[in-house]
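A.B. asks: need a 3D model of the following:
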Amino acid sequence: MDVRVLCATLRDLKGEIKAGRFREDLYHRIGGFPIYIPPLRERIDDIPLLAAHFLREFVAEGRCVPEIEPEAMERLCQYPWPGNVRELKNVLERAVLLSEGRAIRPSLCPEPLSASGREWERFYDLPLHEACDRFTKDYLRRLLDRYGGDTQKMADHAGVHVTTIRHKLRELGVVFKASTLKQGHSH
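C.D. replies: Numbers count the residues shown, from 1 in each chain. From the prediction side, this is the model:
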């Protein structure tokens, strides 16, 4: 039997081996031909192509897919995409739903960072898992403040189920005043 195995990970496997969290022999079995794919923020020219691809997918699913206004595309290209291609697809899917068949406006796209406020830069020197955890903590704290601890509103904003928000709050130890946390109701 001739078999090829393709694996993908967000983790630094060599670092995981050094930390004793990944078997070195397994790494050598699966690491025959590693391919590094840079994050989306380093492939800005790919954003319009990926957006067009995802919009074609949505059409195939029977959705009414509008065009993307030039200013909206510009905004998509200026955003740093910490969630990479998956985040881009989710943002576009949400924008398609909210646009109700009209053109996707800039207001339906994430806000780009100003040149002076590149707060994302602090995450780039960290290992990926730590950067993701720190970003998620910061994101959840901001949502807690914005929505006064209402987990349902936080979940609606984030585009996830309310139990996911509650789980992440506990998992990451995001500190909040118990009196401010409101129990959202599941849909």
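
A.B. asks: alpha carbons of the helix or strand of the chain with the lowest mean pLDDT, as PDB, please.
C.D. replies: Across the helices and strands of the chain, mean confidence by mean pLDDT, DSSP states H and E is lowest for helix 128-146: a mean of 83. The C-alpha trace of helix 128-146 is given here as PDB (Å, rounded to 0.1, in the frame of the first residue of the first chain):
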ATOM      1  CA  LEU A 128       2.000  31.000  18.500                       C
ATOM      2  CA  HIS A 129       0.000  29.300  21.300                       C
ATOM      3  CA  GLU A 130       1.000  32.000  23.800                       C
ATOM      4  CA  ALA A 131       0.200  34.800  21.300                       C
ATOM      5  CA  CYS A 132      -3.200  33.200  20.600                       C
ATOM      6  CA  ASP A 133      -4.000  32.900  24.400                       C
ATOM      7  CA  ARG A 134      -2.900  36.400  25.100                       C
ATOM      8  CA  PHE A 135      -4.900  37.800  22.200                       C
ATOM      9  CA  THR A 136      -8.000  35.800  23.200                       C
ATOM     10  CA  LYS A 137      -7.700  37.000  26.800                       C
ATOM     11  CA  ASP A 138      -7.400  40.600  25.700                       C
ATOM     12  CA  TYR A 139     -10.300  40.100  23.200                       C
ATOM     13  CA  LEU A 140     -12.500  38.600  25.900                       C
ATOM     14  CA  ARG A 141     -11.700  41.400  28.400                       C
ATOM     15  CA  ARG A 142     -12.700  44.000  25.900                       C
ATOM     16  CA  LEU A 143     -16.000  42.200  25.100                       C
ATOM     17  CA  LEU A 144     -16.700  41.900  28.900                       C
ATOM     18  CA  ASP A 145     -16.300  45.700  29.200                       C
ATOM     19  CA  ARG A 146     -18.200  46.400  26.000                       C
END
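
A.B. asks: what about M73, distance to V85?
C.D. replies: Separation of M73 from V85 (CB to CB, to the nearest Å): 16 Å. From N, CA and C alone the C-beta is placed, and that goes for glycine too.

A.B. asks: make that V59, sorry
C.D. replies: Distance, V59 to V85, by CB to CB: 19 Å.
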